[in-house]
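Peer 1: I need the structure of the sequence given here:
(one chain, ligands or ions: 1)
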Amino acid sequence: MKYFFILNPGSGGGKSRRRFEEIFAFLQQHRLQYDYKLTTSLEDAYTLSAEGNLKGYDVIVAVGGDGTINRVINGFYDSQGKRISRAKLAVIHTGTSPDLCKSYHVPLKLDQALEVILKGRSMEIPIARLTYAREYDPKLDGRPLDGNPERVQRDYFACCANIGIGAAVAKDANSGIRKYLGDFAGTLVSVIKNLLTYRGREFTLCIDGKEQVFNKAFNIFVGKTMYIASGIKVKKHLNLNDRRFYILVIHSIGLVNWLPVLRKLYSGKEFGDSRTMSLQYAEKIEVYGSRHNNRLEFDGDPRGFLPCVIETACDPLELICQAD
Ligand SMILES: Nc1ncnc2c1ncn2[C@@H]1O[C@H](COP(=O)(O)OP(=O)(O)OP(=O)(O)O)[C@@H](O)[C@H]1O
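Peer 2: Numbering: from 1, shown residues only. Presented below is the predicted three-dimensional model:
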């Protein structure tokens, strides 16, 4: 068994690096065969992962936060959504918001995460394929992607994509506020700031081929996992081999309605459709936006623009975790 560790020294606000010695000591103590590389940027995590997959490592270990994990996952896939190797993914979370780990029972404590990697039990998890506009193009307002390969970007995500106020919050939170206030407080401040300034907008969704227009929607979550960002949870009914996504829409609501909506989102309790929120499931989701609501965020990082297409990748990913 040969392991390849991709370590991000910048995750967790730079605290990640302190864990590396402990990781190497464990690997040497158990005489594991391994190579490692430190990333210099998030895109480096993608490049190293793609190289590691092609070099035939059995397990590729992402050491970092959700951004690092996302880029490492992208390195497992070709542009069609097929895996490029038989490697398994393992994760040591050293970031701030462990959405993937919490969703799939990957321990957060370092010693436990290392033991799980040593045991090597795994399960297949579904991965989403997202096709989106690299740059905002006003000609595509309210319309689907035009298929021009030069303007289209394709990426993969494991947890959730956010469109609307969520993307604006992520852009704000990632601009530095979380470094000073911590993940929860930093995100909460960004949420409050955007709640006061963000206006609900019209979105058109094409859900399994049927168009639905949402007037003044505040946010659209399209995801696979229960944990989606900084403590927000969606109680969903999807099993691991389900090709569908949940689509949770937060409708046009006044400031006073936000408190119960946020309470529901942070509680992770079941909710029925209401005036403020609606939940549905589908395999293929297209979202068209406009000048005011064109940003995308997925797996915790703001990237790219609407319109977008979200569907499940052909191949699931083999994730090392505390399998039953
Ligand atoms: N050497 C580096 N390699 C990769 N990323 C780095 C490096 N130095 C700083 N960074 C920054 O570290 C952050 C890493 O993000 P990552 O998502 O892995 O961790 P996080 O943001 O701390 O945690 P989370 O996503 O779980 O909230 C990015 O914002 C990236 O720009």
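Peer 1: Worst mean pLDDT across the helices and strands of the chain, which element?
Peer 2: Within the chain, confidence by mean pLDDT, DSSP states H and E is lowest for helix 178-181 among all helices and strands, at a mean of 68.
Peer 1: can you pull the buried residues of the next helix or strand after it?
Peer 2: Once helix 178-181 ends, the next helix or strand along the chain (criterion: DSSP states H and E) is helix 183-197. In terms of neighbour count (16 or more other C-beta atoms under 10 Å), helix 183-197 has its buried residues at 183, 186-191, 194. Just so you know, the C-beta spots here come from the backbone N, C-alpha and C atoms, and that holds for glycine as well.
Peer 1: which ones are touching the residue in the stretch 151-300 of the chain that the ligand sits nearest to?
Peer 2: Nearest residue of the stretch 151-300 of the chain to the ligand (C-beta to the nearest ligand atom) works out as residue 300 at 4.5 Å. By C-beta atoms under 8 Å, 6 or more residues apart in numbering, residue 300 lies in contact with 65-67, 70, 97, 99, 159, 170, 229.
Peer 1: What strands line up against the longest strand anywhere in the chain, and which way round?
Peer 2: With secondary structure taken from DSSP state E, the chain has its longest strand at strand 301-312. Strand pairing for strand 301-312, determined by DSSP bridges: strand 128-133 (antiparallel), strand 285-288 (antiparallel), strand 295-298 (antiparallel).
Peer 1: Single out the most deeply packed of these.
Peer 2: strand 295-298 (a mean of 25; mean count of other C-beta atoms under 10 Å).
Peer 1: and that strand, how far from the chain's centre?
Peer 2: 10 Å (C-alpha atoms, centre = their mean, to the nearest Å).
Peer 1: do the same with stretch 128-148
Peer 2: 19 Å.
Peer 1: Same check on stretch 242-249?
Peer 2: 14 Å.
Peer 1: tell me the mean pLDDT over it?
Peer 2: If you average the pLDDT over stretch 242-249, you get 94.
Peer 1: Report the buried residues of it.
Peer 2: Neighbour-count burial for stretch 242-249 [16+ other C-beta under 10 Å]: 244-249.
Peer 1: can you list contacts of that stretch?
Peer 2: Taking C-beta under 8 Å, 6+ apart as the rule, stretch 242-249 contacts 126, 128, 205, 207, 214, 217, 219-224, 234, 236, 238, 277-283, 285, 310, 312.
Peer 1: what's residue 70 sitting at in phi/psi?
Peer 2: phi -60, psi -50 (degrees, to the nearest 10).
Peer 1: so it makes contact with residue 157?
Peer 2: Yes - taking contacts as C-beta atoms under 8 Å, residue 70 lies within contact range of residue 157: 6.1 Å.
Peer 1: what is in contact with the two at once?
Peer 2: With C-beta under 8 Å, 6+ apart, residue 70 and residue 157 have common neighbours 298-299.
Peer 1: Serialize the buried residues of helix 183-197 to JSON lines and add fields for distance to residue 81 and pLDDT.
Peer 2: JSON lines is the format used below for those (distance: C-beta to C-beta, whole Å; pLDDT from 0 to 100):
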{"residue": "183", "distance to residue 81": "31", "pLDDT": "67"}
{"residue": "186", "distance to residue 81": "34", "pLDDT": "77"}
{"residue": "187", "distance to residue 81": "30", "pLDDT": "74"}
{"residue": "188", "distance to residue 81": "35", "pLDDT": "77"}
{"residue": "189", "distance to residue 81": "37", "pLDDT": "83"}
{"residue": "190", "distance to residue 81": "32", "pLDDT": "81"}
{"residue": "191", "distance to residue 81": "33", "pLDDT": "77"}
{"residue": "194", "distance to residue 81": "32", "pLDDT": "83"}
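Peer 1: If anything else comes up later, I'll come back, but that's it for now.
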